[in-house]
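Asker: Prediction below, plus the sequence it came from.
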Amino acid sequence: MGAGIADVLARAGREVIGIDISDTAAAQAVAALEASTARAVARERITEEERQDVLARFRTFSDLQAAAEADLVIEVVPESYEAKQEVFRALDGIVRPDAILATGTNALSVTRLAADSAHPERVLGLHFFAPVQAMKLVEVVSSVLTDPRAVDAVTRLAQDLGKEPVAVGDRAGFIADGLLFGYLNQAAAMYEAKYASREDIDAAMKLGCGLPMGPLALLDLIGVDTARTVLEAMYAASHDRLHAPPRSSSSSARPV
Ligand SMILES: NC(=O)c1ccc[n+]([C@@H]2O[C@H](COP(=O)([O-])OP(=O)(O)OC[C@H]3O[C@@H](n4cnc5c(N)ncnc54)[C@H](O)[C@@H]3O)[C@@H](O)[C@H]2O)c1
């Protein structure tokens, strides 16, 4: 997600600082931007000179201190509350007082992250969808504590990136994943119950419902572990059995 968000920001003329504890991940993000902009040159969408400008706007670091002068920080570390809280707490001691802190979480509580931080009013959710370059939707998530000026600023930014921002309140999964993951969970349960083969489940939703991809193929794309983490967070918040994943990925336990 970080590489995709960096790509759309740099192409839209923003100075982007990518921070990752893994040098390999940072190098991969730079390589991805080099490749995507090279394709854009080959298709004559941008010139080589414009490509060099985009590449010059993206710099990577391994230390959060690099965020000291940022107007906006978009956190996309793995989907773990503890990992995100650690990053937000560290950022509180680094960023400018007027900086906006956005989390890219799918399903964790933006409100809790805000309340656990030093300045809850500057914390909001900014939920992009993968692949970031192609997907138009951005959910802009406010908690009751969020300053409306911060919401306005990131909404304008999303529009500048060519995205369609949708304002939502803080609820696990927000709109899109709140609806999608219950469906994916049901598809996995249907397969697990041996009601239909994975090919037939995917074909039914593609050919019968006009979806571009079947649910089990989509689960593979998202990653079963990531999907499980999202469902667990949604189930913890909703206690709705629709969101209850099987008890373990290796067991044949059915959702409870
Ligand atoms: N993958 C998706 O389709 C998708 C879509 C929307 C939102 N999200 C959300 O975006 C976030 C990231 O997801 P992802 O799939 O890109 O994860 P990922 O595991 O691919 O990438 C996370 C990156 O964070 C780095 N990292 C870990 N701890 C760090 C720290 N303390 N400081 C700096 N970097 C650190 C890792 O090295 C890794 O490169 C999650 O919250 C996820 O729920 C993912």
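Answerer: In hand now; what should we look at?
Asker: helices or strands next to the one helix or strand Met190 maps to in the packing?
Answerer: When elements are assigned from DSSP states H and E, Met190 belongs to helix 176-192. In terms of contacts (3 or more CB pairs under 8 Å, 6 or more residues apart in numbering; DSSP states H and E), helix 176-192 is packed against helix 198-203, helix 215-222, helix 224-238. Any C-beta I mention is one placed from the backbone N, CA and C, and that applies to glycine too.
Asker: which outside residues touch that helix?
Answerer: Helix 176-192 is contacted by residues 106-107, 127, 129, 137, 139, 171-173, 196-198, 201, 205, 214-216, 218-219, 222, 227, 230-231, 234, 240, 242-246, 252, 254-255 when judged by CB atoms under 8 Å, 6 or more residues apart in numbering.
Asker: could you redo the last one with a cut-off of 7 Å?
Answerer: Helix 176-192 is contacted by residues 106-107, 137, 139, 171, 173, 196, 198, 201, 215-216, 218-219, 227, 230-231, 234, 242-243, 245-246, 252, 254-255 when judged by CB atoms under 7 Å, 6 or more residues apart in numbering.
Asker: which parts of that helix are buried?
Answerer: The neighbour-count check on helix 176-192 (16 or more other CB atoms under 10 Å) flags 176-178, 180-182, 184-185, 187-191 as buried.
Asker: likewise stretch 150-164?
Answerer: Buried residues in stretch 150-164, counting neighbours by 16+ other CB under 10 Å, are found at Ala150, Val151, Val154, Thr155, Leu157, Ala158, Leu161, Lys163.
Asker: Check stretch 126-134 too.
Answerer: Under 16+ other CB under 10 Å, the buried positions of stretch 126-134 are Leu126, His127, Phe128, Phe129, Val132, Gln133.
Asker: and the ligand, which of the residues you listed contact it?
Answerer: Phe129 (CB under 6 Å from any ligand atom).
Asker: mind giving me CSV with the buried residues of stretch 126-134 and columns for distance to Ile19, secondary structure and pLDDT?
Answerer: Putting these into CSV (distance: CB to CB, whole Å; DSSP: H, G, I helix; E, B strand; the rest coil; pLDDT from 0 to 100) gives the following:
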residue, distance to Ile19, secondary structure, pLDDT
Leu126, 16, strand, 98
His127, 19, strand, 98
Phe128, 17, coil, 97
Phe129, 22, coil, 94
Val132, 17, coil, 95
Gln133, 20, coil, 93
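Asker: could you dump the buried residues of stretch 126-134 to JSON lines with distance to Arg43?
Answerer: Listed next are the buried residues of stretch 126-134 as JSON lines, based on distance: CB to CB, whole Å:
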{"residue": "Leu126", "distance to Arg43": "29"}
{"residue": "His127", "distance to Arg43": "29"}
{"residue": "Phe128", "distance to Arg43": "23"}
{"residue": "Phe129", "distance to Arg43": "23"}
{"residue": "Val132", "distance to Arg43": "19"}
{"residue": "Gln133", "distance to Arg43": "13"}
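Asker: Return the member of the buried residues of stretch 126-134 nearest to Arg51.
Answerer: If you rank the buried residues of stretch 126-134 by distance to Arg51 using CB to CB, Gln133 comes first, at 14.8 Å.
Asker: How about the contacts made by the closest one?
Answerer: Contacts of Gln133 by CB under 7 Å, 6+ apart are Gly4, Asp7, Val8, Ser36.
Asker: near the ligand, which residues of the stretch 51-200 of the chain?
Answerer: So the stretch 51-200 of the chain meets the ligand at Val76, Val77, Pro78, Glu79, Ala83, Val87, Gly104, Thr105, Asn106, Phe129, Ala130 (CB under 6 Å from any ligand atom).
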